[in-house]
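Asks: predicted model follows, preceded by the sequence.
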Amino acid sequence: MDEQLKTRLSANDQAELVRAKVLLEKVSLAARVSNYVGEPIDKLIRLLPAGSSELILDASEKAIRASLKVALMTLRKESRSASNVLHKIGAATSGAAGGVFGLPALAVELPVSTTIMLRSIADIARFQGEELEVIDSQLACLEVFALGGRNHNDDAAESGYYAVRGGLAKLVSDAASYLARSAATSESAPHLVRLVTQIAARFSIPVTTKAAAQVVPIIGGVGGAFINTLFITHFQDVATGHFVVRNLERKFSKQIINEEYERISISGKEA
């Protein structure tokens with residue numbers, strides 16, 4: 001194939017990249033939750049009890065570790081997946097407990113809902129051409145938890161999709177190298193610990209949003225289930241955008257897609 005043709009995106013490829021950028025840069029869990037509960041999420045976060053930040057960060061890290069075990073031990077063995085809808089039902093069921101018991105239930109509920117989300121993320125990855133027996137693809141699934149951790153106060157230049165991926169690149173590469181050469185995988189290995197810590201720090205942002213909504217007295221079990229549905233929908237959208245981009249990078253190159261991605265301007269209507 002002519003080199004010039006290799007670098008030219010078709011109209012369909014361009015449309016897919018626009019769709020991916022909308023999902024990655026404009027999806028807001030905080031906005032979705034605020035619309036549901038009728039209060040700005042910043043106000044709800046201020047109502048969280050003292051010490052909540054530490055509890056949420058710890059719960060986020062433990063949830064990522066639980067998901068890492070799934071990625072290392074079961075994703076490569078999984079057969080054809082269930083649909084996004086079934087994963088949403090599973091997440092809603094676990095969220096019902098969080099709505100009833102509030103913040104204290106987060107440490108128990110979050111690893112369950114995060115593992116369900118990882119299965120859904122893996123389904124989306126497979127649909128977009130990822131080979132889940134490959135370590136790089138497994139770690140790309142975990143990356144989604146960091147990519148979905150943006151809020152409206154973030155600097156766009158530092159929190160954009162490629163900026164976050166770039167910040168994780170060395171950690172992901174080191175973790176992949178360790179897993180490739182280690183016969184016995186362990187989530188306590190230093191390379192994996194550093195990766196999990198960085199992912200958990202960003203994952204804790206949407207988890208804080210989720211926790212703040214679920215401590216509202218009127219939420220209850222039904223509301224908690226709906227908040228978790230919003231939560232998993234957010235990460236399904238981010239996963240779709242992420243793996244569309246990776247698919248296009250395999251088709252062309254990371255540099256070409258990165259440059260095209262940055263050229264795309266998203267209007268409020270598209271978002």
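Replies: Received, thanks. Numbering: from 1, shown residues only.
Asks: may I see the buried residues of the helix or strand where A66 lies?
Replies: Per DSSP states H and E, A66 falls inside helix 52-73. The neighbour-count check on helix 52-73 (16 or more other Cβ atoms under 10 Å) flags 52, 55-57, 59-68, 70-72 as buried. C-betas here are computed from N, CA, C, even on glycine.
Asks: what does the host helix or strand of Y36 contact?
Replies: Secondary structure assignment for Y36, by DSSP H and E: helix 29-37. When contacts are defined by Cβ atoms under 8 Å, 6 or more residues apart in numbering, helix 29-37 is touched by residues 40-41, 44, 148, 151-152, 206, 209-210, 212-213, 216, 219, 223, 226-227, 230-231, 233-234.
Asks: repeat the analysis, applying 6 Å as the threshold.
Replies: Residues outside helix 29-37 that contact it (Cβ atoms under 6 Å, 6 or more residues apart in numbering): P40, I41, P206, T209, A213, V216, L230, H234.
Asks: these two touch, right, the second one and T209?
Replies: The one in question is I41. Yes. Taking Cβ atoms under 6 Å as the definition, I41 is a contact partner of T209 at 5.4 Å.
Asks: the two: which is more packed in?
Replies: T209 (28 against 23; other Cβ atoms under 10 Å).
Asks: all helices of the stretch 1-150 of the chain, in order?
Replies: Here the stretch 1-150 of the chain has its helices, by DSSP state H, counting those that start in this stretch, at 3-6, 11-26, 29-37, 41-46, 52-73, 84-101, 106-127, 135-147.
Asks: the inter-axis angle of the helix or strand where E260 lies versus helix 11-26?
Replies: Assigning secondary structure by DSSP H and E places E260 in helix 254-263. Calculated by axes from the mean of the first three to the mean of the last three Cα atoms, to 10 degrees, helix 254-263 forms an angle of 70 degrees with helix 11-26.
Asks: what is the mean pLDDT for helix 254-263?
Replies: If you average the pLDDT over helix 254-263, you get 95.
Asks: same check, this time on stretch 139-148
Replies: The model assigns stretch 139-148 a mean pLDDT of 95.
Asks: ok, residues contacting it?
Replies: 71, 121-122, 125, 164, 172, 176, 199, 202-203, 206, 234-235, 238-239, 242.
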